[in-house]
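what follows is a predicted protein model with its sequence.
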Amino acid sequence: MPAKVVLKFTKGSHAGSELVYTEKEVLFVGRDQNDCQIVLPEPTVSRLHCFLEVVPPAIRVHDFGSLNGTYLNGELIGKRPGTMSIEDARNLPYNEYNMQSGDRLSLGNECEFTVDIQTPELCSECKCEIDQPQYVNAGNKPVCAACYNKEQERIKAEQAALKKLEQERLKAEKAALDKKKAEEERKEAERVAAALKKEKEELMKKTPPKPQPEKRSCEICGSSLEPNGPDICENCRKNPLKILEFLLKQAEKGNENAREIAGYRNIRTLGKGGMGEVWLVREEATGKEMALKLMLPQVAVEEHAKNMFLREAHLSGQLRHKNVVEQLKCGRSGDIYFILMEYCKDGSVDNLIKKNHGKLSLDQATRITLQVLDGLHYVHTKTVKGITTEGKEIPGNGIVHRDFKPANIFLHAGTAKVADFGLAKAFDTAGLSGFTYTGALAGTVVFMPRQQIANYKYVKPEVDVWATAACYYFMLTGRYVRDYDDKSDWVIQALRNPPVSIRMRDPEIPRRLADVIDAALIERPGIGIKTAAELKQAISAAL
């Protein structure tokens, strides 16, 4: 039984209902039916009142500057004064609060729910999971049926032995008048006692000792670790070079988990992204240079979550197209994940933009955009084979990138290639990234349509098409699609601020091309251009 976070509504229109979450979720709460996953119609609830981040068994709340306030267990944790506008309120500092089971969250005075965090019950003896606890041991702690039956058998054996000894004692007392008979009974009693003692000693040898907490140490430096924490200590996690050298040494020693990168040597670091660092490595036998991405989970997760990430990363390994960075191998060694991929020596488009003083020429930006649209069309329409938890392959239709931005477009010998298809989504879905989904605070949100921000887990390929138009816009103008400021939350601004027409940024953009880009950036009621092929055709026709 996985861990659960249950929201139980005790006041308001939802009173008596429950919401159950067993996986990671990002939930906006408020009256706005378009942007909120939990819609509460009460007048004391703001349009965007707060948001909840759920990573079972943990939950965190963040107030958005609501008018009627947000209360945790009766204490105010966020509220703007009645005379202050919502825009000014967003300038106020509001903290995030971790919630515990039994906590009560009030949105104004007409809506309230409590948090119930449910974790699986474990046997106090063998530590196995108990679906429905029915038995307890002598210390009144829950045990499984097997451990309970074993204890009952031991008690019965001891009672039988004591009963037999008592019978022998009574016999000896009765035969006290007859010395010969008493002596024979005494010897017999001693023989029986010795046999029982031996039997008891043998039984004690077979009884397994109580399990002790497993001692854990860092895989790299050997320092002590917490029982339920990551496999690598905090000091080693801060030193990516030490992690890389450790992984390459494991491969040299023939470690089965690192065999995919045996024979490679570190050259230099290439960069750092939302999920980890990328290194240039060289295969010593051939001299071929490759890019090696190393990732470390931000939180401790279960084994099935780690395997789920590798199953989803397996999909990217099936992509073969000139405009997609080829992923050659992937795997993990303990708490270290690695992906070996094609090395693009000319770097990423975001670095190219910086070298060109903030933007690219029309010809250069268009050439890159048309090529990546070819890559997107291929990936969105390709039939790939997924892997179930039982290891069986199942067919699937296409992959959505979900993290498309200039930093994920690479250049090699004049060819533009898209990298990291589905990896950010796989990292988040498995829970390896912690509370905040990968890249959201590092600028990715500026290249996301509002549909993806409000519901990033379930999106269609059209969000990648919108993001491509946003990247094209950025390459041509050096500006983001929306207006942003540093006074309020960028996530809220991305949901509220509409795209700015590209000719408002640069009147020199050809009008027919500007019309195409503006049409591709439409979000309401839906995304304007749905497919990569359609956007490529429209750009080509405009030029």
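Received it, and whenever you're ready, just let me know what you need.

now stretch 403-422: buried residues?
For stretch 403-422, burial by neighbour count (16 or more other CB atoms under 10 Å) applies to 403-411, 416-422. Quick note: C-beta positions are derived from backbone N, CA and C, even for glycine.

between the residues you listed, which is nearest V26?
The nearest member of the buried residues of stretch 403-422 to V26, counting by CB to CB, is D403 at 14.9 Å.

just the mean pLDDT for the helix or strand L495 falls within, thanks.
L495 belongs to helix 490-496 when assigned by DSSP states H and E. Averaging pLDDT along helix 490-496 gives 86.

now stretch 354-362
Mean per-residue pLDDT for stretch 354-362: 95.

okay, how far is it across that stretch, tip to tip?
End-to-end distance for stretch 354-362: 16 Å, by CA to CA, to the nearest Å.

now do stretch 22-41
Using CA to CA, the two ends of stretch 22-41 sit 25 Å apart.

which ones among the buried residues of stretch 403-422 lie within strands?
Under the assignment DSSP state E, the buried residues of stretch 403-422 contribute I409, F410, L411, A416, K417, V418 to strands.

what helices or strands is the helix holding L495 leaning on?
Judged by 3 or more CB pairs under 8 Å, 6 or more residues apart in numbering; DSSP states H and E, the packing partners of helix 490-496 are helix 450-454.

which residues sit against the helix it packs on?
Helix 450-454 is contacted by residues 28, 34-35, 37, 402, 445, 459, 463, 491, 494-495, 523, 526-527 when judged by CB atoms under 8 Å, 6 or more residues apart in numbering.

same thing with stretch 183-192?
So stretch 183-192 is in contact with K164, L165, E168, R169, K171, A172, A175, going by CB under 8 Å, 6+ apart.

now which of those would you call buried?
Buried among the contacts of stretch 183-192 (16+ other CB under 10 Å): E168, A175.

turn the contacts of stretch 183-192 into JSON lines, including secondary structure and distance to R237.
As requested, these are exported to JSON lines (DSSP: H, G, I helix; E, B strand; the rest coil; distance: CB to CB, whole Å):
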{"residue": "K164", "secondary structure": "helix", "distance to R237": "61"}
{"residue": "L165", "secondary structure": "helix", "distance to R237": "61"}
{"residue": "E168", "secondary structure": "helix", "distance to R237": "66"}
{"residue": "R169", "secondary structure": "helix", "distance to R237": "67"}
{"residue": "K171", "secondary structure": "helix", "distance to R237": "71"}
{"residue": "A172", "secondary structure": "helix", "distance to R237": "71"}
{"residue": "A175", "secondary structure": "helix", "distance to R237": "77"}
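
rewinding a little: out of the buried residues of stretch 403-422, which is nearest to L315?
The nearest member of those to L315, counting by CB to CB, is G422 at 5.9 Å.

where are the low-confidence patches of the chain?
The model of the chain has pLDDT under 70 over residues 1, 86, 89-90, 209-213, 228-229, 273-275, 296-313, 386-396, 422-443, 456-457.

got the buried residues for the helix or strand K163 falls within?
Taking DSSP H and E as the definition, one finds K163 inside helix 145-174. Counting neighbours by 16+ other CB under 10 Å, one finds that the buried residues in helix 145-174 are C147, Y148, A161, E168.

check stretch 323-335 too.
Buried-residue list, stretch 323-335, by 16+ other CB under 10 Å: N323, V324, V325, E326, Q327, C330, G331, R332, S333, G334, D335.

what does stretch 217-230 give?
For stretch 217-230, by 16+ other CB under 10 Å, it's C218, E219, I220, L225, P230.

which residues touch the fourth one?
Going by CB under 8 Å, 6+ apart, L225 touches R216, S217, C218, D231, C233.

now these in JSON lines, with distance to R482 and secondary structure?
JSON lines is the format used below for the contacts of L225 (distance: CB to CB, whole Å; DSSP: H, G, I helix; E, B strand; the rest coil):
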{"residue": "R216", "distance to R482": "46", "secondary structure": "coil"}
{"residue": "S217", "distance to R482": "48", "secondary structure": "strand"}
{"residue": "C218", "distance to R482": "44", "secondary structure": "coil"}
{"residue": "D231", "distance to R482": "41", "secondary structure": "coil"}
{"residue": "C233", "distance to R482": "41", "secondary structure": "coil"}
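
between the residues you listed, which is closest to F51?
Distance ranking of those against F51, using CB to CB, places D231 first at 31.3 Å.

what about the closest one, neighbour count?
18 (other CB atoms under 10 Å).

you'd agree it is up against C218?
Yes: using CB atoms under 8 Å, D231 is in contact with C218, at 7.4 Å.

elements contacting the helix holding K163?
strand 135-136, helix 179-206.

okay, buried residues for the longest one please.
In this case it means helix 179-206. Neighbour count says helix 179-206 has A182, E185, A189, L196 buried, by 16+ other CB under 10 Å.
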